[in-house]
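Novice: turn this into a structure:
(2 chains)
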Amino acid sequence: GAVVSQHPSWVICKSGTSVKIECRSLDFQATTMFWYRQFPKQSLMLMATSNEGSKATYEQGVEKDKFLINHASLTLSTLTVTSAHPEDSSFYICSATKGQGAIQPQHFGDGTRLSIL
Amino acid sequence: LAKTTQPISMDSYEGQEVNITCSHNNIATNDYITWYQQFPSQGPRFIIQGYKTKVTNEVASLFIPADRKSSTLSLPRVSLSDTAVYYCLVVLSSSNTGKLIFGQGTTLQVKP
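Specialist: Numbers count the residues shown, from 1 in each chain, chains lettered A, B, ... in the order given. Just a heads-up that it's a prediction; the model follows:
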């Protein structure tokens, strides 16, 4: 158990387009989900913590109006990259924790590769 | 959150045991040590977690000395499919968020 699914797995779109990425916990409920971005050959950078039923908590330097996060249910969080530009091209990954407690392992989706032309 | 330091890269051959050491000098009393594996174009996958001494599961062992300022991930008899990036993280057990801060990781290349 503990499967996290992301959709779409890749997307190519024109500059100025808004793109929505979905993150679903398929077989468990997740009060908290996390969003990361990863550039080629670099490590994952935490963007925000998504909390069900409340506002997301963004890391320093991440524009909340640029990266809209909605965690409307215990199994779904969405990340919308608004008015995307080429510099937003990256690999976006979400994760969720099954069960309570900070030391519970995080279960990651397989990422969404976003390419902005 | 304690900062971790690991080698940037390592090479090994099939069938060998691989040990990746991670330094975490500022680890706090309530921190746990966790390792993740990431293949290209995939999300990380949890490998193992420990607090002290030794932890073993079906894929790896984690050795943590008494001072807990370092830890070693041991992969027995690696195969080509173990080529990946391995991340060492410390997690504060009392954290309200459980968020993870990834370091640069260790790129392991297993050769035939």
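Novice: who's in contact with the residue of chain B at minimum distance from chain A?
Specialist: When distances are taken as C-beta to the nearest C-beta, chain B reaches nearest to chain A at B:Gly43, 3.0 Å away. For every residue, glycine as well, the C-beta is placed using N, CA and C. B:Gly43 makes contacts with A:Val4, A:Gln6, A:Ile93, A:Cys94, A:Ser95, A:Phe108, A:Gly109, A:Asp110, A:Gly111, as judged by C-beta atoms under 8 Å, 6 or more residues apart in numbering or on different chains.
Novice: kindly reformat those residues as a markdown table containing secondary structure, pLDDT and distance to chain B.
Specialist: Output for the contacts of B:Gly43, formatted as a markdown table (DSSP: H, G, I helix; E, B strand; the rest coil; pLDDT from 0 to 100; distance: C-beta to the nearest C-beta, whole Å):
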| residue | secondary structure | pLDDT | distance to chain B |
| --- | --- | --- | --- |
| A:Val4 | strand | 96 | 8 |
| A:Gln6 | strand | 97 | 8 |
| A:Ile93 | strand | 97 | 5 |
| A:Cys94 | strand | 97 | 8 |
| A:Ser95 | strand | 95 | 7 |
| A:Phe108 | strand | 96 | 3 |
| A:Gly109 | coil | 96 | 5 |
| A:Asp110 | coil | 96 | 5 |
| A:Gly111 | coil | 97 | 5 |
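Novice: kindly indicate whether B:Phe46 is helix, strand or coil.
Specialist: strand (DSSP: H, G, I helix; E, B strand; the rest coil).
Novice: does it touch A:His107 like I think?
Specialist: Yes. If you go by C-beta atoms under 8 Å, B:Phe46 and A:His107 touch, sitting 7.3 Å apart.
Novice: thank you kindly, that will do.
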